[in-house]
Structure formats: C-alpha cells, structure tokens
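Asks: what's the 3D shape of this:
(one chain, ligands or ions: 1)
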Amino acid sequence: MANREEVGKGFATEGRKDNASTLRAGGARWSKQRLAAGTRKRHNAVGEVTVAAEVWTMRKRANRALMLMCVLMCGLVFATSVRAQAAVQKPPESAATSEPKVKAVKFRKLWDGKGKVWTDAIVIVDGERVREVTTDAKRIPAQAEVVDLTRYFGLPGLIDVHTHMTLYTDETPPTETGQSVPMLKQIANNSPAVEVFLARKGAMRTLEAGVTTVRDLGSDQYMDIAMRDLINRGEMIGPRMFVVGYGLSVTSTAYKGTNSAPGGNPAGGIADGVPEVLRVVRQQVAAGVDWIKLFASTGTDDDTSGFQTYGYDEIKAAVDAAHQFGKKIAIHSYGPDGARDAVRAGTDSLEHATDMDDATIAEMAKRGTYYVPTIDHNRYYIENGSKIGYTPGFEPRSQAFIARNLETARKAHRAGVKFAMGSDAVYSMFGQNTRELAWFVKAGMSPEEALKTATCNAAELLGKANELGAVAPGYFADLVGVEGDPTPDIGVVLEKVKWVMKGGAVVVDKTKALR
Ligand SMILES: [Zn+2]
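Replies: Predicted structure coming up:
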C-alpha cells in the first residue's frame with residue numbers, strides 16, 4: 001500500500017499502517033458525512049454475522065458487573081488508577097456467561113493437534129478451558145450442556161500469525177453517490193476510531209474461517225492494542241490478538257514538518273540507526289505490545305521489490321532489545337538480503353522472504369526460525385487490484401512473485417524449516433485467512449502438516465504451546481467443527497467451517513439449518 005504522492009516507487013518501505021497514516025495526513029480525515037455513513041454500515045453488518053446469543057449475554061452481564069464495580073470503586077477509593085480499573089474490568093469469559101459452565105462437545109472425529117485422531121470424541125469444556133477429551137459418555141457431568149456435533153470433524157481453533165485486523169474495509173464503500181471508492185482511500189479517510197469500529201466485521205469473518213487467534217503484524221495509533229483489549233474485555237467479538245503496535249521502518253518519505261492532523265502520526269515506527277531502533281522498540285514495549293515487528297526490506301501491496309533497508313547491526317539491535325524485554329520479533333523481508341541478516345540476527349519469524357539462498361534456509365532449519373511465507377496475499381491483490389486502488393499493470397510482477405514465493409517455500413519445507421500459517425489479511429481479505437494452507441500443500445506438505453502450521457506450530461511460535469493450538473486438558477476451549485475430513489483434503493478447512501467455539505463460548509454456528 002504505497003502512498004504514491006509521498007513514497008517513491010520501489011522504495012515503499014513503510015508498513016501498511018505507516019502508509020495509511022501518511023495517506024491520512026494528506027487528505028480530509030474526518031467528516032460527519034463519513035461518520036454517518038459508517039454508522040449505517042453498522043446496521044448492515046449485524047445481519048451478516050453469525051453470533052451466538054451467549055456471547056451477547058456474556059457481554060451484557062459483564063457490563064452490569066462493570067457498572068456495579070465502578071460505583072463501588074468511586075465511593076471507596078477515589079484515587080484508584082485507570083490501570084487498576086482496567087484490571088478489574090476484565091472478568092474471565094466464563095465467569096460472565098449465563099450458559100452452563102460445563103459443556104460436552106461431541107464430534108464424529110477429532111484431530112487434536114497432538115498427533116491423534118479420535119473417533120466419537122467428547123470434549124468436556126469447563127469455563128474457557130478444556131477439562132478432558134474422552135470417548136466415554138459416562139465422563140460427561142450430569143449438569144453439562146451437550147453440544148451434538150457428531151456429523152462434524154473437530155479441530156483446534158486455528159491461528160493466523162500474520163494479519164492486519166485494523167486495516168479492514170468493505171468492498172462496497174459507504175458513499176452517497178454509489179460511486180466506488182478504492183479500499184486504499186477508504187482506509188486513508190477513516191479516523192482510527194472508525195477503523196477499529198469497522199474492524200469488528202473483519203474480526204467476525206476471521207472467526208467464521210475457524211481462526212480464533214491471530215498475531216497482528218502492524219497497525220498505527222495503537223489501534224491494534226485497543227482492539228486486542230476490547231476483545232479481551234468481551235466488548236468486541238473477535239479472535240484473541242497478539243499485537244506489535246508500529247512496525248519499525250527506515251525513513252522513506254521526504255521530511256514535511258511535524259504532522260498535526262488529528263490522529264496523524266506518520267513518523268510512528270520510523271527509526272534510523274541503532275539508537276533510534278532501540279528507542280522505538282522500547283516505545284512499543286511501553287505502549288503494551290506483545291511482539292515487535294521490523295521491516296527489513298521494501299515491498300508491500302502492489303510493490304514487489306525487496307531491497308534491504310536495515311543493516312545487520314540495526315536488525316541485531318532490534319532483535320536483542322525485543323528479547324531483552326521478553327518479547328519475540330517478526331521480521332518482514334520480501335527479498336533474500338534482509339532475510340539473510342534477519343535470520344543471522346536471530347529473528348523468531350521471517351515474513352514473506354522469497355529467493356532465499358540455501359545457506360539462509362539451512363540456517364533457519366538449524367536455528368528453528370519460523371518461516372511465514374504469506375503466499376496467498378498476492379493472489380488476493382491480483383484478484384482485487386482495481387477495487388483496492390492499485391495502478392493497473394502490477395499483476396505480472398505479483399504473479400511472478402507468487403511463483404518465487406512458492407518455490408522458496410518448497411525448498412524451505414524440503415530442508416526441514418518450521419512453518420506457521422500467515423495470511424497477511426488486509427482490507428476485504430478477512431475470512432480467506434486459511435487459503436494459505438492450500439499453497440502449503442502445493443509446496444509439498446501433507447494436509448496434516450499444513451494443519452500443524454495453523455495450530456500447534458503457530459502456538460509454539462507464539463510461545464503458547466501449552467494453551468493454544470491443540471485440544472487437550474488445560475488448553476483454551478477453542479474448537480472448530482468442519483463438514484468433512486480435512487486430513488486427506490485441506491479444502492475442507494478452507495470451505496467447510498460450520499461451527500466455532502472460542503474460549504468456551506460459541507461464536508459461529510452454521511449447523512442449525514442442517515439439523
Ligand atoms: Zn503484513
């Protein structure tokens with residue numbers, strides 16, 4: 001998503017959100033008309049999503065509890081800090097629901113993410129966690145609500161390790177004239193508040209694809225932190241989010257003075273040289289991010305260049321600073337040079353990365369560096385270029401990039417590199433998050449190996465291997481019911497998600513019509 005006025009072709013080094021903010025700074029950012037239009041879309045959206053009543057009940061009750069708590073706190077402790085208040089405003093999901101605390105979910109088959117396929121599986125869910133997986137109906141507690149999904153195949157909630165949730169847009173924009181507004185422009189015109197509000201639709205579509213957890217790799221104005229916290233508080237329905245704030249990038253736009261537009265902050269994330277890299281990493285940590293992101297090369301949207309931007313010393317400084325704070329780091333590189341230095345510097349995951357040489361691939365396998373190739377996002381760009389607002393003519397370049405991306409993935413898989421599924425979903429791509437898995441199968445994985453990249457492997461990358469990515473005692477009760485067996489055919493995961501539970505609450509249910 002290059003800002004064509006301000007960013008020179010071939011040097012669109014900023015992350016999507018940085019570009020969005022730069023774009024935003026140039027144009028009118030906010031108007032009553034736009035806000036009104038956004039509100040109308042809200043009503044349309046309610047009918048589009050499948051949300052189980054229990055989530056809303058849970059929210060209402062959480063709100064009531066919250067109000068009570070606020071009254072109490074105002075009366076008693078005047079000097080209570082906002083931070084402390086936020087902490088009490090976050091009840092566990094299960095505590096706020098009026099649904100039975102214990103549920104028994106029955107599947108015809110269950111792939112548990114631990115190497116086992118169960119027949120006639122019963123997953124006993126207590127609150128937001130799995131208590132037990134069994135085939136013995138006698139283990140079902142008397143008071144449990146039984147959820148009969150015996151015509152479906154169960155999977156752990158899926159994990160997408162590369163999204164941009166706050167870059168959601170509709171394909172059909174809210175205009176008075178009915179004229180089509182390119183998605184890039186919609187993003188640029190939305191205020192951060194509107195963007196976060198709209199993003200709940202992308203969040204719902206992501207859940208409908210079976211994705212219950214995302215690692216979100218770039219936002220601005222810390223919209224990602226806001227969205228993560230709203231979801232955790234039960235105020236917004238969406239996948240569990242691990243966020244990065246601003247991705248670090250080198251200066252790539254001409255200096256135009258301080259930006260004073262409301263919410264405008266084009267310099268967010270920009271860092272040149274080791275001292276600035278350290279400062280910006282620390283700023284992100286201070287803001288409350290879960291991960292650090294760094295752009296080590298050019299290339300994004302219809303720009304498929306991959307020139308290295310940060311030198312080894314800067315990358316190493318970012319990696320070490322992140323690790324010092326107990327954070328992991330994801331490094332973006334479209335080309336092989338940034339990828340080589342990112343791997344040598346000890347990045348935890350490498351995003352995109354085509355044309356990697358054998359030595360870099362071998363180093364990744366040796367170190368256990370995760371590869372997140374994001375092959376499918378260029379397919380989405382090619383299919384939607386004019387709606388997004390790209391200049392025609394980029395398609396052959398992006399097509400060639402896909403071929404190189406796939407070939408690099410094939411080599412890396414053969415060399416034993418670990419993979420995690422990342423869609424790089426933006427704009428209207430939400431809901432297509434798992435299409436990446438079909439590319440992994442094309443790159444030589446079995447459907448089961450592909451499934452692991454979106455479950456247990458992704459959970460390991462997140463440092464959550466004991467809580468996410470599997471259906472087992474103590475894990476979050478994130479479950480997906482699909483129609484058909486995905487172990488011989490990954491297409492089942494892409495097309496046939498019918499039911500989704502996140503943290504013990506049913507968030508998608510498309511089974512009713514079939515019963
Ligand atoms: Zn991305």
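Asks: around the ion, pick out the residues from this structure.
Replies: With Cβ under 5 Å from the ion as the criterion, the chain meets the ion at residues 217, 424. For the C-beta atoms, the positions are set from N, CA and C on the backbone; glycine is no exception.
Asks: any low-confidence regions in the chain?
Replies: 1-100, 172-179, 254-267, 513-515 (pLDDT under 70).
Asks: recalculate using a threshold of 80.
Replies: Applying pLDDT under 80 to the chain picks out residues 1-100, 171-180, 253-267, 513-515.
Asks: give me the neighbour count for whichever residue of it sits closest to the ion.
Replies: Using Cβ to the ion, residue 424 is the residue of the chain that sits closest to the ion, at 4.3 Å. By the measure other Cβ atoms under 10 Å, the count of residues near residue 424 is 28.
Asks: please apply the same query to the one 5 residues further on.
Replies: If you count neighbours by other Cβ under 10 Å, residue 429 ends up with 27.
Asks: now it: phi and psi?
Replies: phi -80, psi -10 (degrees, to the nearest 10).
Asks: got the contact list for it?
Replies: Applying Cβ atoms under 8 Å, 6 or more residues apart in numbering, we find residue 429 in contact with 377, 380, 384, 423.
Asks: next one: the second one from residue 317, what distance?
Replies: Counting by Cβ to Cβ, to the nearest Å, the gap between residue 380 and residue 317 amounts to 34 Å.
Asks: next: the last one.
Replies: Note on residue 423: its distance to residue 317, by Cβ to Cβ, is 29 Å.
Asks: equivalent analysis for residue 142, please.
Replies: For residue 142 relative to residue 317 (Cβ to Cβ), the value is 59 Å.
Asks: please apply the same query to residue 442.
Replies: From residue 442 to residue 317 the distance is 37 Å (Cβ to Cβ).
Asks: which of the two has more neighbours?
Replies: Per other Cβ under 10 Å, whichever of residue 442 and residue 317 has more neighbours is residue 317, with 22 against 14.
Asks: I'd guessed that one sits against residue 274; true?
Replies: Yes - using Cβ atoms under 8 Å, residue 317 is in contact with residue 274, at 4.5 Å.
Asks: beta-bridge partners for residue 215, please?
Replies: residue 242 (DSSP bridges).
Asks: hang on, it packs against residue 329?
Replies: No - using Cβ under 8 Å, residue 215 is not in contact with residue 329; the gap is 11.5 Å.
Asks: which neighbours do those two share?
Replies: Joint contacts of residue 215 and residue 329 (Cβ under 8 Å, 6+ apart) are residue 291.
Asks: residues contacting residue 210?
Replies: 155, 157-158, 434, 480, 482, 493, 497, 500.
Asks: now the residues you listed in TSV, with secondary structure?
Replies: Output for the contacts of residue 210, formatted as TSV (DSSP: H, G, I helix; E, B strand; the rest coil):
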residue	secondary structure
155	strand
157	coil
158	strand
434	helix
480	strand
482	strand
493	helix
497	strand
500	strand
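Asks: CA atoms of the one helix or strand residue 332 maps to as CSV?
Replies: Assessed by DSSP states H and E, residue 332 sits inside strand 328-333. Coordinates of each C-alpha in strand 328-333 appear next as CSV, following Å, rounded to 0.1, in the frame of the first residue of the first chain:
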residue,chain,number,x,y,z
LYS,A,328,9.6,-12.1,20.3
ILE,A,329,10.2,-10.4,16.9
ALA,A,330,8.8,-10.9,13.4
ILE,A,331,10.9,-9.5,10.5
HIS,A,332,9.5,-8.6,7.1
SER,A,333,11.7,-9.1,4.1
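Asks: and it, how far out from the chain's middle?
Replies: 14 Å (Cα atoms, centre = their mean, to the nearest Å).
Asks: same thing with stretch 413-426?
Replies: 14 Å.
Asks: mind listing what's buried in that stretch?
Replies: 413, 415, 417-426 (16 or more other Cβ atoms under 10 Å).
Asks: could those residues be laid out in JSON lines, adding distance to residue 474?
Replies: Below are these laid out as JSON lines (distance: Cβ to Cβ, whole Å):
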{"residue": "413", "distance to residue 474": "31"}
{"residue": "415", "distance to residue 474": "34"}
{"residue": "417", "distance to residue 474": "29"}
{"residue": "418", "distance to residue 474": "24"}
{"residue": "419", "distance to residue 474": "26"}
{"residue": "420", "distance to residue 474": "22"}
{"residue": "421", "distance to residue 474": "23"}
{"residue": "422", "distance to residue 474": "26"}
{"residue": "423", "distance to residue 474": "28"}
{"residue": "424", "distance to residue 474": "31"}
{"residue": "425", "distance to residue 474": "29"}
{"residue": "426", "distance to residue 474": "34"}
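Asks: neighbour-wise, which of residue 215 and residue 329 wins?
Replies: Each of residue 215 and residue 329 has its neighbours counted (other Cβ under 10 Å); residue 215 has more, 27 against 24.
Asks: could you export stretch 112-129 as CSV, CA atoms only?
Replies: Extracted in CSV, the C-alpha atoms of stretch 112-129 (Å, rounded to 0.1, in the frame of the first residue of the first chain):
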residue,chain,number,x,y,z
ASP,A,112,-6.4,-32.9,18.4
GLY,A,113,-3.2,-31.1,17.3
LYS,A,114,-1.2,-33.6,19.4
GLY,A,115,-0.8,-36.3,16.7
LYS,A,116,-4.1,-38.1,17.4
VAL,A,117,-7.3,-38.5,15.5
TRP,A,118,-10.1,-39.5,17.9
THR,A,119,-13.3,-41.3,16.8
ASP,A,120,-16.5,-40.3,18.6
ALA,A,121,-14.7,-37.7,20.6
ILE,A,122,-16.2,-35.9,23.6
VAL,A,123,-14.5,-32.6,24.6
ILE,A,124,-15.5,-31.6,28.1
VAL,A,125,-15.2,-27.8,28.4
ASP,A,126,-15.2,-26.2,31.8
GLY,A,127,-15.5,-22.4,31.5
GLU,A,128,-13.0,-21.2,29.0
ARG,A,129,-10.7,-24.2,29.1
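Asks: return the set of buried residues in it.
Replies: 112-113, 118, 121-129.
Asks: in helices only, show me those.
Replies: Among the buried residues of stretch 112-129, no member is found in helices (DSSP state H).
Asks: just those residues now: which is nearest residue 224?
Replies: residue 128 (22.3 Å; Cβ to Cβ).
Asks: thought residue 476 was touching that closest one, still the case?
Replies: Yes - contact criterion Cβ under 8 Å: residue 128 and residue 476 qualify, at 6.2 Å.
Asks: overlap in contacts, those two.
Replies: By Cβ under 8 Å, 6+ apart, the residues touching both residue 128 and residue 476 are 503-504.
Asks: what's in contact with stretch 465-480?
Replies: Contacts for stretch 465-480 (Cβ under 8 Å, 6+ apart): 103, 105, 110, 112-114, 123, 125, 127-133, 154-159, 210, 212-213, 240, 455-460, 462, 497, 499-504.
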